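S.K.: Dropping a prediction and its sequence here:
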Amino acid sequence: MRQWQRPPLQYPNEYVVVFDLETVVEEEMADGSFPPWPRHKPVAGAFLTASRSAGRHDFTLKTLICRDGGAEQFLRKTDAVFPPGSMAVTLNGRGFDAQVLRLQAQRHGLYDLRNIARIADAGRNDVAHLDLLDAYGGRGSSLAELCGALSIPVKTSTSGAQVGELWRAGDVKAIAHYVQEDVLASYLVYLHSIAWRQGDERLIVLPLADLSLWIESEPKLQHLLPFATCRPAMWARSRAPALRADTALADAELRLKREQDEAAFAAR
Amino acid sequence: MTEPVTFVSLTAATVSIPPTADGSVPPGARLVGASLLIATRLGTRWRFSSEAATVAAGEKEQNLLLWLADRLPMADTLIGWQIDQHLVPALIDGAAHADPAIAHHFMVRLARVLRNNVVDLSIDRSGVADDVATAPSMMPDRLLAAWGTGRLDAVRDDLTAGALGTWLHFLRQAQHVGADAESATRDWMHRRRNIHSVKSEPGNGLNGKGGKREP
């Protein structure tokens, strides 16, 4: 019996924004559990933009801090990070980060923030937002567990549970570094996911090799160097030259074939 | 019978060309030279060869690619410095401007040499390759002048030294190859110095230099 099947979703990878928020609550739970998400307010967000052009990948890493009274500006700047056509990537963003952004935008009457709306309203099969928890089955998976299994460095400087304490102590730099690390780790998990989904190693090798070079070339990103030398990055950097040569060989074959065809045509 | 294991240490030099005043020639990069050291292990024995070649301004880059294509072996391990960042893009760019048949021939060989293990020593950020990068003849201004005048002996020497230095640095990092490889390399270098085995490659204006010696 023939059954209808939904074709596999092809996630766009030309312009991807991986993001993560750090949040605080007014009052921690008495039993130490994670407070319900509506109680959270963002204090920092990191946004890694990865775009592809002419066979190479370009990256920018933006970190926004949300100080007291600065929520509206934070939300507007966040909204501007996600241009239409881009795909947001998160880990548990459909259940937390995007929901926090949407609720805070509503609280501040910012109904024109359509990019946040697009991401927060995106369903499981919507290419506007890929939540890696969906890709990895949700239950039992966390960023730390996934990264541990894939040899990706994660939570090296601090942990999410310490963010409230750091924020109250005014250690914004530590929070910024922490959220940046989480975003880089999420991006590496995303690359594993997208390459697997499309069965194409180039989708992880080439961006990861380019990312490693970018991190090494930026003095401000030295705290992220472990991402350029972790096991997946070393593998990608070793494979990338061969894949670039294969692409160039295919181009050369095409050029040669064209020249031969033109010569054959001229000889008629 | 033991299968031979081949290591290739590859270096290349490029110059950045500024655009002409009238804009007829856009800015770009040109391949100036390349060098490769091939080390082959057969059981406990080692065989080495080392060659370098250059092209001057006015000569075709594709002559260098052809020279290199004829020498690039099937490698078990390719060793280099900034392979993905500089070396391979420079060679691919050179091929993109070559005649299609030469470009294809070269890319087949380049793809083949990259197919197995690729070791980029720049990721470690230490070692002798730093010395090569700052060798006098490799300074951008001097390299451009040498390329323009065709006086490229020093460039070939430094490229050769770069390939050799990269190989020795790799040996110090790669414990599985063992100290016997370094010792064999130094013996070969010593004999080569004594023999002064230098040969010139005629034809196509290509300047080459190399030496081969089996222990």
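M.R.: Good, I have the coordinates.
S.K.: alpha carbons only for contacts and neighbour counts from here, please
M.R.: OK.
S.K.: Return the set of buried residues in the longest helix along chain B.
M.R.: In chain B, taking DSSP state H as the definition, the longest helix is helix B:153-173. By 16 or more other C-alpha atoms under 10 Å in any protein chain shown, the buried positions in helix B:153-173 come out as B:153, B:155-172.
S.K.: And the strands in the chain?
M.R.: You didn't pick a chain, so chain A it is. Residue ranges of the strands in chain A, as given by DSSP state E, are A:15-24, A:41-53, A:56-65, A:87-90, A:129-131.
S.K.: Switch to chain B, please.
M.R.: Using DSSP E, strands in chain B cover B:5-17, B:28-42, B:45-54, B:77-80, B:117-120, B:207-213.
S.K.: Can you find the helix or strand of chain B with the lowest average pLDDT?
M.R.: Across the helices and strands of chain B, mean confidence by mean pLDDT, DSSP states H and E is lowest for helix B:129-133: a mean of 50.
S.K.: same check, this time on chain A
M.R.: For chain A, judged by mean pLDDT, DSSP H and E, that is helix A:163-168, with a mean of 84.
S.K.: contacting residues around it?
M.R.: With contact meaning C-alpha atoms under 8 Å, 6 or more residues apart in numbering or on different chains, helix A:163-168 is reached by A:22-25, A:43, A:172, A:174-175.
S.K.: For the spatially most central residue of chain B, give me its contacts.
M.R.: Residue closest to the average C-alpha location in chain B (C-alpha atoms, centre = their mean): B:Ser35, at 2.5 Å. Applying C-alpha under 8 Å, 6+ apart to B:Ser35 gives the contacts B:10-12, B:50-53, B:156, B:159-160, B:163.
S.K.: again, only using 7 Å
M.R.: With contact set as C-alpha atoms under 7 Å, 6 or more residues apart in numbering or on different chains, B:Ser35 has these partners: B:10-12, B:51-53, B:159-160, B:163.
S.K.: Quick check: it vs chain A, distance?
M.R.: If you measure B:Ser35 against chain A using C-alpha to the nearest C-alpha, to the nearest Å, the figure is 18 Å.
S.K.: Name the residues linked to that residue by a beta bridge.
M.R.: B:Thr11, B:Ala52 (DSSP bridges).
S.K.: Tell me the pLDDT of it.
M.R.: The per-residue pLDDT reported for B:Ser35 equals 96.
S.K.: Near A:Asp31, how many other residues are there?
M.R.: If you count neighbours by other C-alpha atoms under 10 Å in any protein chain shown, A:Asp31 ends up with 7.
S.K.: Report pLDDT for it.
M.R.: So, for A:Asp31, pLDDT stands at 85.
S.K.: related to what we said a few turns ago, turn the strands of chain B into JSON lines, columns for distance to A:Leu101.
M.R.: Converted to JSON lines, those look like this (distance: least, C-alpha to C-alpha, whole Å):
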{"stretch": "strand B:5-17", "distance to A:Leu101": "47"}
{"stretch": "strand B:28-42", "distance to A:Leu101": "46"}
{"stretch": "strand B:45-54", "distance to A:Leu101": "59"}
{"stretch": "strand B:77-80", "distance to A:Leu101": "47"}
{"stretch": "strand B:117-120", "distance to A:Leu101": "43"}
{"stretch": "strand B:207-213", "distance to A:Leu101": "64"}
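S.K.: Any idea which of those strands gets closest to A:Gly199?
M.R.: strand B:117-120 (21.9 Å; C-alpha to C-alpha).
S.K.: name the helices or strands packed onto that closest one?
M.R.: Using 3 or more C-alpha pairs under 7 Å, 6 or more residues apart in numbering or on different chains; DSSP states H and E, the elements in contact with strand B:117-120 are strand B:77-80.
S.K.: May I see the buried residues of the strand it packs on?
M.R.: Those would be B:77-80, for strand B:77-80 by 16+ other C-alpha under 10 Å.
S.K.: Which elements pack onto that strand?
M.R.: Using 3+ C-alpha pairs under 7 Å, 6+ apart, strand B:77-80 is in contact with strand B:5-17, strand B:117-120.
S.K.: Now the shortest one: buried residues?
M.R.: With burial defined by 16+ other C-alpha under 10 Å, the residues of strand B:117-120 counted as buried are B:117-120.
S.K.: Could the C-alpha coordinates of that strand be exported in CSV?
M.R.: Provided in CSV are the C-alpha atoms of strand B:117-120 (Å, rounded to 0.1, in the frame of the first residue of the first chain):
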residue,chain,number,x,y,z
ASN,B,117,45.8,12.4,5.6
VAL,B,118,46.3,16.1,5.6
VAL,B,119,48.3,17.7,8.3
ASP,B,120,48.4,21.5,8.7
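S.K.: now what about that strand, what contacts it?
M.R.: Contacts with strand B:117-120, where a contact means C-alpha under 7 Å, 6+ apart, come from A:238, B:76-83.
S.K.: what distance separates that strand from the centre of its chain?
M.R.: Its chain's average C-alpha position is 15 Å from that of strand B:117-120, according to C-alpha atoms, centre = their mean, to the nearest Å.
S.K.: ok, that strand: who's next to it in the sheet?
M.R.: strand B:77-80 (parallel).
S.K.: Mind checking the pLDDT average for the partner strand?
M.R.: 95.
S.K.: cool, stretch A:122-134 as well?
M.R.: Stretch A:122-134 comes out at a mean pLDDT of 90.
S.K.: which one of the contacts of B:Ser35 is nearest chain A?
M.R.: The shortest approach to chain A among these belongs to B:Leu10, at 13.2 Å (C-alpha to the nearest C-alpha).
S.K.: I am finished for the moment; much appreciated.
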